[in-house]
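>>> Provided below for reference: sequence and predicted model.
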Amino acid sequence: MEYREILLQGINKTYMTNKGEFHALDNIDLKIRSGESISILGESGSGKSTLAKIISKIENPTSGKMFFDKENITNLKGKKLLNFRKDIQIVFQDTSGTLNPKLSVLRNMEEGLVNLTNYNKNERKEIILELMKKLNMKEEILNTPVRKLSGGEARRVSLIRALGTNPSFLVLDEITSGLDLISEDMVLDMISDSIRAFNMTVIFVTHDEESAKRISNRLLYMDKGKIMYEKAIKAERMII
Ligand SMILES: Nc1ncnc2c1ncn2[C@@H]1O[C@H](COP(=O)(O)OP(=O)(O)OP(=O)(O)O)[C@@H](O)[C@H]1O
C-alpha cells in the first residue's frame, strides 16, 4: 500500500459569534498516517467536528498549516481541491445535508462519482454494486427513494457514497450517534469491513469510547479545542 500522510501544524480556528470571537481549535499539531484508524473523542463543544471539517477541508483554519504527502495544502483551490476531495471524504451524522431524500439510493450513492470522476453510468453502477457486495448491503434497495430508509440504512448509504471515489482517508463525524444498538452495530461493522477491504484510513469522531475502541488503534481526547492526550489500542482489542 502506498504510504500517505496528513499533517496539521499549529492549527487554530476562531469563529465570530454575536458574543465575540470563539476559539474552537487551539494550536493543534497532528499527523495521520495511512493504515491507521483514529478516533477523536471529547465532550460536546470540545472541537471534534471542527477538527474533522478542517482535516477534510470543508472548513479553513484561521491560522496554521496543512500538508498532504508533504505538499502544502493549506490554501488549496480549484482543480487541486477537487482532486483532494477524491482522496479524503467526510460523512456526517445528519445525512439530510448530503443525501437527497427524493432520489433513489443509487442516484445518491453515485453522486461523488458523477461530480469527481469521468465514469459513465454503467461503470458507476458497477462500482456501487461491487462496494455493496463487499459490505454486505442488499442490492434490492438500489431503486428505493432515500426518504423511505431507516436512519441506519441512510448512514450506510452515505458511507457507500463516500467510498465510491476510493478515498485514502475517510472522516466520519458522529455517524453512529442517535442510532439504535442494532443499526449502530451494522454501521460499525461496515466501517471495520471498509478498513479491511479497502485499506482505508479512518478518522472517526465520536462521544462513545466503546465504539471508538472497536474500530480504532489510536484514540485522541480533546478538550476546549486542544488534543489533551492520546492512547494506543492494542491489536487484540480491535476487531479488524
Ligand atoms: N460555525 C460556527 N460558528 C460559531 N461557533 C461555532 C461554529 N461551529 C462550531 N462552533 C462552536 O465551536 C465549538 C466547537 O464545536 P464543534 O462542533 O467542533 O464541537 P464538538 O466537539 O464536535 O461538539 P459536538 O460533540 O456537540 O458535536 C462549540 O462551542 C460550537 O458552538
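Great, that's in hand.
>>> rest of the way, CA atoms for contacts and neighbours
Noted.
>>> Walking through the protein, point out its strands one by one.
5-17, 20-33, 37-42, 63-68, 71-72, 88-92, 169-173, 201-205, 218-223, 226-232 (DSSP state E).
>>> just the angle between the third one and strand 20-33, please?
Read that as strand 37-42. For strand 37-42 against strand 20-33, the angle by axes from the mean of the first three to the mean of the last three CA atoms, to 10 degrees is 160 degrees.
>>> How about the fourth one?
Here the directions of strand 63-68 and strand 20-33 differ by 20 degrees (the same axes, to 10 degrees).
>>> can you dump the C-alpha coordinates of stretch 95-113 into CSV?
The C-alpha trace of stretch 95-113 is given here as CSV (Å, rounded to 0.1, in the frame of the first residue of the first chain):
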residue,chain,number,x,y,z
THR,A,95,-27.5,12.6,6.2
SER,A,96,-30.0,15.2,5.1
GLY,A,97,-27.1,17.6,4.3
THR,A,98,-25.6,15.1,1.8
LEU,A,99,-28.4,12.7,0.7
ASN,A,100,-31.3,13.8,-1.5
PRO,A,101,-34.4,12.2,0.1
LYS,A,102,-36.4,12.3,-3.2
LEU,A,103,-33.7,10.5,-5.2
SER,A,104,-33.1,6.8,-5.3
VAL,A,105,-30.4,5.0,-3.3
LEU,A,106,-28.3,4.5,-6.5
ARG,A,107,-28.5,8.2,-7.5
ASN,A,108,-27.4,9.2,-4.1
MET,A,109,-24.6,6.7,-3.9
GLU,A,110,-23.2,7.6,-7.3
GLU,A,111,-23.1,11.4,-6.7
GLY,A,112,-19.5,11.6,-5.7
LEU,A,113,-18.6,9.5,-8.8
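>>> what comes up buried for it?
Within stretch 95-113, the residues scored as buried using 16 or more other CA atoms under 10 Å are 95, 99-101, 104-113.
>>> before we move on, what about stretch 211-227?
Buried residues in stretch 211-227 (16+ other CA under 10 Å): 211-227.
>>> Give me the distance between the two termini of that stretch.
19 Å (CA to CA, to the nearest Å).
>>> and what of stretch 160-168?
14 Å.
>>> try stretch 106-116
With CA to CA, one end of stretch 106-116 sits 16 Å from the other.
>>> Let me see the mean pLDDT of that stretch.
Stretch 106-116 shows a mean pLDDT of 92 in the predicted model.
>>> Return the residues in contact with residue 224.
24, 25, 26, 45, 46, 47 (CA atoms under 8 Å, 6 or more residues apart in numbering).
>>> and which of those is nearest to residue 170?
residue 47 (18.3 Å; CA to CA).
>>> That closest one and residue 25 touch, don't they?
Yes: applying CA atoms under 8 Å, one finds residue 47 in contact with residue 25, separated by 6.1 Å.
>>> Identify the contacts common to these two.
With CA under 8 Å, 6+ apart, residue 47 and residue 25 have common neighbours 224, 225, 226.
>>> so can I have a markdown table of these showing pLDDT and distance to residue 174?
Shown next, in a markdown table, are the shared contacts of residue 47 and residue 25 (pLDDT from 0 to 100; distance: CA to CA, whole Å):
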| residue | pLDDT | distance to residue 174 |
| --- | --- | --- |
| 224 | 96 | 18 |
| 225 | 97 | 17 |
| 226 | 97 | 19 |
